[in-house]
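Chemist: need coordinates for the below:
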Amino acid sequence: MNGLRAIAITFWIGGMWVVGLVVAPVLFSHLDKATAGMVAGRLFAAIAWLGLICGTLLLVDSVWQNGVRAFKTLALWLIVGMLACTLINHFAVTPIIANLKAQMSQAATGAFGGGFATWHTISSLIYLVQSLMGLVFVLRKE
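Modeler: Got it, this is the predicted structure:
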């Protein structure tokens, strides 16, 4: 299971970093905003599903290997936190953003007005927190 665990960690955390820190910025610097946003959105959705699969695998593996002791480890709580970020972003925030895109004329309502920019910022902050938890997960000494 160690090999599968390493692959899950690499795909999930590495994939998040590549999509968020490399691919999305390149898309927005070389394509028009609409096209870049559509492609980036699909990539973020793909990495979310990959994260749900890999995170669940890592969660099950941690409990399988450590039993109840797993709940005392930083690794398990980082996985839970990352999964929570994925669930919130993918199933709560992203649908709001999609709805606002459909109503784009009303979406630009300011920093705290509930518009597209606000929800995009919230999504980005959740993704940043998740990416930082991934960094701690990779660097931890358990």
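
Chemist: residue 78 reaches residue 136, doesn't it?
Modeler: Yes. Using CB atoms under 8 Å, residue 78 is in contact with residue 136, at 6.0 Å. The way it works is simple: take the backbone N, C-alpha and C, and place the C-beta from them, glycine included.

Chemist: and those two? which has more neighbours close in?
Modeler: Between residue 78 and residue 136, counting by other CB atoms under 10 Å, residue 78 is the more crowded of the two (24 against 13).

Chemist: show me what contacts the more buried one?
Modeler: Contact analysis of residue 78 by CB atoms under 8 Å, 6 or more residues apart in numbering lists 133, 134, 136, 137, 140.

Chemist: let me know the secondary structure of it.
Modeler: For residue 78, the assignment made with DSSP: H, G, I helix; E, B strand; the rest coil gives helix.

Chemist: skip the chain neighbours and tell me the closest residue to it.
Modeler: residue 137 (4.4 Å; CB to CB, 6 or more residues apart in numbering).

Chemist: from the chain's centroid, how far away is the strand or helix carrying that neighbour?
Modeler: Under the criterion of DSSP states H and E, residue 137 resides in helix 116-139. The chain centre lies 7 Å from the centre of helix 116-139; the measure is CA atoms, centre = their mean, to the nearest Å.

Chemist: what does stretch 63-80 give?
Modeler: 20 Å.

Chemist: tell me the mean pLDDT over that stretch?
Modeler: Regarding stretch 63-80, the rounded mean pLDDT is 96.

Chemist: brilliant, that's me finished.
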